[in-house]
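Q: The sequence isn't on hand, but the structure is:
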Ligand code: PEP
């Protein structure tokens with residue numbers, strides 16, 4: 001299966017940004033007629049705007065939470081459950097983002113458990129992995145992402161509901177993008193790991209790249225055979241996001 005047989009996937013991670021006025025501006029430039037039919041598009045607003053954005057955007061554009069917990073309900077102050085997300089029409093969730101791992105201390109084990117629980121409740125998951133700069137410099141990139149992917153894979157039975165996002169931590173929000181070759185090398189090794197579960201899982205699972213993707217670098221990254229789309233932070237708040245969604249046109 002070639003990269004283009006896996007539908008190109010572009011996620012917009014708004015992180016903790018935006019207010020009603022600026023979100024209305026994003027909704028304005030996200031008109032379906034601006035976006036390639038060959039790309040699946042999912043945006044991820046802050047929790048308090050999820051329902052608003054879900055109601056405003058056409059159903060052709062997915063909406064993702066930026067996190068959810070591994071329980072249906074209960075005494076977990078500050079958390080939301082997959083059932084609550086589904087109740088408001090939100091079917092996607094980003095899990096294991098490097099900011100969750102590195103600022104909020106989420107372990108590989110917790111990320112894996114959250115992925116398993118969200119999938120068991122019928123959510124679709126953008127599962128994030130990626131190495132720190134110190135790990136890359138120590139030559140540990142492949143080992144780190146393999147370890148993170150294994151913790152996720154141990155909790156996945158249906159890979160068609162999972163998109164893997166490779167996001168080198170040193171490239172997130174820094175303006176330092178991995179070169180297409182650097183990203184391709186890691187994506188190829190991740191695909192090999194997925195293929196060892198089954199050749200079909202390796203061939204069909206989308207592996208997207210994140211880390212300072214912008215309107216200028218998206219086309220050369222999209223041209224790599226194992227890069228099946230992007231997870232975009234900063235540029236997803238701007239009309240540049242439309243160019244990134246259409247990067248393979
Ligand atoms: C992200 O938050 O997932 C991300 C890749 O951010 P940025 O595009 O701003 O580097």
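A: Yes, it's here. From a predicted model like this one, the values you see are computed outputs, not experimental measurements. Numbering: from 1, shown residues only.

Q: how close does residue 145 sit to residue 164?
A: Per C-beta to C-beta, to the nearest Å, residue 145 is found 9 Å from residue 164. Glycine gets a C-beta too; all of them are placed from N, C-alpha and C.

Q: Flag every buried residue along stretch 159-166.
A: When burial is assessed from 16 or more other C-beta atoms under 10 Å, stretch 159-166 yields the following buried residues: 159, 161-166.

Q: no wait, stretch 71-83
A: 80-82.

Q: Between those, which sits nearest residue 105?
A: residue 80 (18.4 Å; C-beta to C-beta).

Q: Would you mind naming what in the protein lies close to the ligand?
A: For the chain, the contact set with the ligand under C-beta under 6 Å from any ligand atom comprises 13, 15, 167, 172-173, 210-213, 231-235.

Q: Residues in contact with both of residue 145 and residue 164, list them for me.
A: Shared contacts of residue 145 and residue 164 (C-beta atoms under 8 Å, 6 or more residues apart in numbering): 129, 190.

Q: Which stretches in this structure count as strands?
A: 8-13, 39-44, 61-65, 92-95, 124-129, 162-166, 206-210, 229-232 (DSSP state E).

Q: Let me know which of these is tucked in deepest.
A: strand 229-232 (a mean of 29; mean count of other C-beta atoms under 10 Å).

Q: For the ligand, what's the nearest residue on the chain?
A: Per C-beta to the nearest ligand atom, residue 233 is where the chain lies closest to the ligand, at 2.1 Å.

Q: Nearest spatial neighbour of that residue, chain-adjacent residues omitted?
A: residue 13 (5.0 Å; C-beta to C-beta, 6 or more residues apart in numbering).

Q: The one you found bridge partners, please.
A: Judged by DSSP bridges, the bridge partners of residue 13 are residue 44.

Q: Contact partners for it?
A: Residue 13 neighbours (C-beta under 8 Å, 6+ apart): 44, 66, 94, 97, 210, 231-233, 236.

Q: Can you add pLDDT and give those back as CSV?
A: Formatted as CSV, those follow (pLDDT from 0 to 100):
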residue, pLDDT
44, 98
66, 98
94, 99
97, 98
210, 98
231, 98
232, 98
233, 98
236, 98
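
Q: picking that back up, now, which of the buried residues of stretch 159-166 sits nearest residue 19?
A: Using C-beta to C-beta, these come closest to residue 19 at residue 165, 26.0 Å.

Q: Select the longest helix from the protein.
A: Using DSSP state H, we find that the single longest helix of the chain is helix 180-197.

Q: could you give the mean pLDDT of stretch 110-125?
A: The pLDDT scores in stretch 110-125 average 98.

Q: Enumerate the positions of that stretch that are buried.
A: 110-119, 121, 123-125.
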